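S.K.: Would you be able to build a 3D model of this:
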Amino acid sequence: MTGLELTTDVLVVGGGPAATWAALKAAQAGADVILADKGYCGTSGATASSGTGVWYVPPETAAREAAMASREALGGFLADRRWMARVLDQTYAGMNELATAGRYPFPAGPDGRQLRNGLQGPEYMRRMRIRVQRAGARILDHSPVTELLTDPSGAVAGAGGHQRQAGRPYRVRAGAVVLATGGCAFLSGALGCNVNTGDGALFAAEAGAELSGMEFSNAYGIAPEGTSVTKTAFYSFATFYREDDTVLEGAASQGGRSVIARTLLSEKVYCRLDRADPAARQAMRLAQPNFFLTFDRLGIDPFTQRFAVTLLAEGTVRGTGGIRIAGDDCSTTVPGLYAAGDAATRELICGGFTGGGSHNAAWAISSGTWAGQGAARHARSLGVRAGTRRLAAAGGAGLRPTGTPGPADGFRDVITAVQAQVLPYEKNYLRHGEQLTASLRVLDSVWQDLRATLHAEGGDVVRARQASAMAAHARWMYAAALARTETRGMAKRLDFPTQDPRQHHRIVTGGLDRVWTRPEPLTTTADVPMEVAS
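M.R.: Here you go, the predicted model:
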């Protein structure tokens, strides 16, 4: 079948907040822009399916200082204050722009001022799609990218993919590419996260980019058993119980999730949101109506009736690891390639700990803005050369097997094998060196087999690549976790339960057939005024 051939200055891969901010800002910078989304831009992904808080802090010295200090210890003191300040400035500007140019209907507080520290995901993403289109960018919905394209120098020069509804392959020649594909939740079923399979990290690694912070990848969200809504913040109002209705001591949404995980290995865990007073109950329903939709359908009052809970893996969607950032414009170590949002590491502002919303949402706005503008500058610097470069496909696993191709649905077995190593609490959440080593050995074998035999045709190529990305993601995670022989941030080791001052560094990782890691010393930067991008 004949494929679609397109040419643009900037190609943005993804469709969530980071991708739409990148496309918007690249277009506003004068670039011709194409945004390619795996789903329908504006409705798919973790943000579009829920509400989110935002790290929005007025430019007041005391408030900014408190905002930066609040997470430093939790993140193991791996964050960079210069980047924190940049993100606070850019997020403040971006949210204000959303209120004015985007006309987002922020609610008003008692004093009549708009409250700009939160967003309703569906409305936010609906407006961002409109803004991207009005800026002149072209949107390719239901068009997952499956690999990057490079020029003879190794610079990224576009991408190829598959258009699901048209049933055809496509290729985009581009001056620069922004990967804003989200993190990896391993198809765990967490709401909005089943498009987040780590594709961007695989594409980046195949082009030669590095990753960082992949040990900070064992995020699990609390959800009612059998459901998908992981709004863990509301469980700060919960009391957790054993099956016999006695209080589960030490269990909590923050600092006590490991107790829940251990207990779930042998019995059910229940909870009630019985610590919320009437005012809090009303505010919670207004802030996150979708959180209560499940309970309403089940006929459960979560404030007075107990219900069983589970933990769903959210991986690097809520963890901090991702593609390593090499410049202030969110460039990577590969020319022409930029990363933003959950696909990029958030260590720069979170260190080794994050969660849902807040810093994640702020990072999406800021990194998306910088990556879009940086990509536009890079494309402009190429001039006419961008459209004449010879292109080569960078994709490997799941596309071009090195041995005899196996069955066309082999991706199913790969997904099952990877999930068996990354979803169980006793392997990924309650980490121990012996188990990490055993799981990594299995995952290395899975990778060797899929690299030799995994292939697919038509739309199944997307599934084969997703399976390959999940396998690669899991190997980077566990290799980095084994390299950090301490407990720091959310990278907790049962066999190394304390923080080691000698390991106050980041861990960079990469590689495909052979995964490698190396420590990266932290650099200190003087406080300097930062220019906010418009």
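S.K.: Would you map the strands across the stretch 101-250 of the chain?
M.R.: Residue ranges of the strands in the stretch 101-250 of the chain, as given by DSSP state E, counting those that start in this stretch, are 118-120, 138-140, 145-150, 156-163, 168-179, 211-212, 220-224, 239-241.
S.K.: what's the most buried one of these?
M.R.: Mean neighbour count (mean count of other Cβ atoms under 10 Å) peaks for strand 211-212 among these, with a mean of 28. From N, CA and C alone the C-beta is placed, and that goes for glycine too.
S.K.: For that one, which helices and strands make contact with it?
M.R.: Helices and strands touching strand 211-212, by 3 or more Cβ pairs under 8 Å, 6 or more residues apart in numbering; DSSP states H and E, are helix 199-207, strand 322-323, strand 505-510.
S.K.: want to throw the ones you listed into JSON lines with distance to residue 342 and mean neighbour count?
M.R.: Converted to JSON lines, those look like this (distance: least, Cβ to Cβ, whole Å; neighbours: other Cβ atoms under 10 Å):
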{"stretch": "helix 199-207", "distance to residue 342": "9", "mean neighbour count": "27"}
{"stretch": "strand 322-323", "distance to residue 342": "7", "mean neighbour count": "32"}
{"stretch": "strand 505-510", "distance to residue 342": "17", "mean neighbour count": "22"}
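S.K.: Of these, which is nearest residue 108?
M.R.: strand 322-323 (35.7 Å; Cβ to Cβ).
S.K.: which helices and strands does the helix or strand following the closest one pack with?
M.R.: Going down the chain from strand 322-323, the next helix or strand is strand 337-339, by DSSP states H and E. Other helices and strands packing on strand 337-339, by 3+ Cβ pairs under 8 Å, 6+ apart, are strand 168-179, helix 199-207, helix 359-382.
S.K.: and with 10 Å instead?
M.R.: Counting contacts by 3 or more Cβ pairs under 10 Å, 6 or more residues apart in numbering; DSSP states H and E, the secondary-structure elements packed against strand 337-339 are strand 4-13, helix 17-28, strand 156-163, strand 168-179, helix 199-207, strand 322-323, helix 359-382.
S.K.: can you list contacts of the shortest one?
M.R.: For strand 322-323, the surrounding residues in contact (Cβ atoms under 10 Å, 6 or more residues apart in numbering) are 179, 181-184, 198, 200-201, 203-205, 209-214, 216-217, 316, 330, 332-334, 337-347, 473, 476, 510.
S.K.: at 7 Å what do you get?
M.R.: Residues outside strand 322-323 that contact it (Cβ atoms under 7 Å, 6 or more residues apart in numbering) are 179, 183, 200-201, 204, 209, 211, 213, 316, 332, 339, 342-345.
S.K.: min pLDDT across the residues you listed, which one?
M.R.: Checked by pLDDT, the contacts of strand 322-323 have residue 316 as the lowest-scoring entry (93).
S.K.: can I assume residue 498 is in contact with residue 487?
M.R.: Yes. The pair formed by residue 498 and residue 487 meets the contact definition of Cβ atoms under 7 Å, at 6.1 Å.
S.K.: Who has more neighbours out of the two?
M.R.: The residue with the greater number of neighbours, taking residue 498 and residue 487 and applying other Cβ atoms under 10 Å, is residue 487; the counts read 20 against 8.
S.K.: OK, contacts around that one?
M.R.: Contacts were defined as Cβ under 7 Å, 6+ apart; by that measure residue 487 touches 493, 496, 497, 498, 499.
S.K.: cool, and residue 476?
M.R.: Neighbouring residues of residue 476 by Cβ under 7 Å, 6+ apart: 211, 214, 509, 515.
S.K.: From those, pick the one nearest residue 281.
M.R.: The shortest gap between residue 281 and any of the contacts of residue 476 belongs to residue 214, at 38.9 Å (Cβ to Cβ).
S.K.: Give me the buried subset of the contacts of residue 487.
M.R.: The neighbour-count criterion (16 or more other Cβ atoms under 10 Å) marks 493, 496 among the contacts of residue 487 as buried.
S.K.: how about the contacts of residue 476 in JSON lines, adding distance to residue 325?
M.R.: JSON lines is the format used below for the contacts of residue 476 (distance: Cβ to Cβ, whole Å):
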{"residue": "211", "distance to residue 325": "10"}
{"residue": "214", "distance to residue 325": "14"}
{"residue": "509", "distance to residue 325": "14"}
{"residue": "515", "distance to residue 325": "20"}
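S.K.: for the residues you listed, which one is nearest residue 101?
M.R.: Closest approach between those and residue 101, by Cβ to Cβ: residue 211, at 34.3 Å.
S.K.: my guess is residue 403 meets residue 453, correct?
M.R.: Yes. Contact status for residue 403 versus residue 453: in contact at 5.8 Å, counting by Cβ under 7 Å.
S.K.: okay, the two: which has more neighbours?
M.R.: Neighbours around residue 403 and residue 453, counted as other Cβ under 10 Å, are more numerous at residue 453. The numbers are 16 against 11.
S.K.: Residue 67 belongs to a helix, doesn't it?
M.R.: Yes. Assigned with DSSP: H, G, I helix; E, B strand; the rest coil, residue 67 falls within a helix.
S.K.: At which residues are the helices of the stretch 351-500 of the chain located?
M.R.: Along the stretch 351-500 of the chain, the stretches classed as helices by DSSP state H, counting those that start in this stretch are 359-382, 410-422, 433-453, 460-483.
S.K.: So for the shortest one, mean pLDDT?
M.R.: So that's helix 410-422. 98.
S.K.: Could you figure out how far it is turned away from helix 433-453?
M.R.: Angular relation of helix 410-422 and helix 433-453 on a 0 to 180 degree scale: 170 degrees, by axes from the mean of the first three to the mean of the last three Cα atoms, to 10 degrees.
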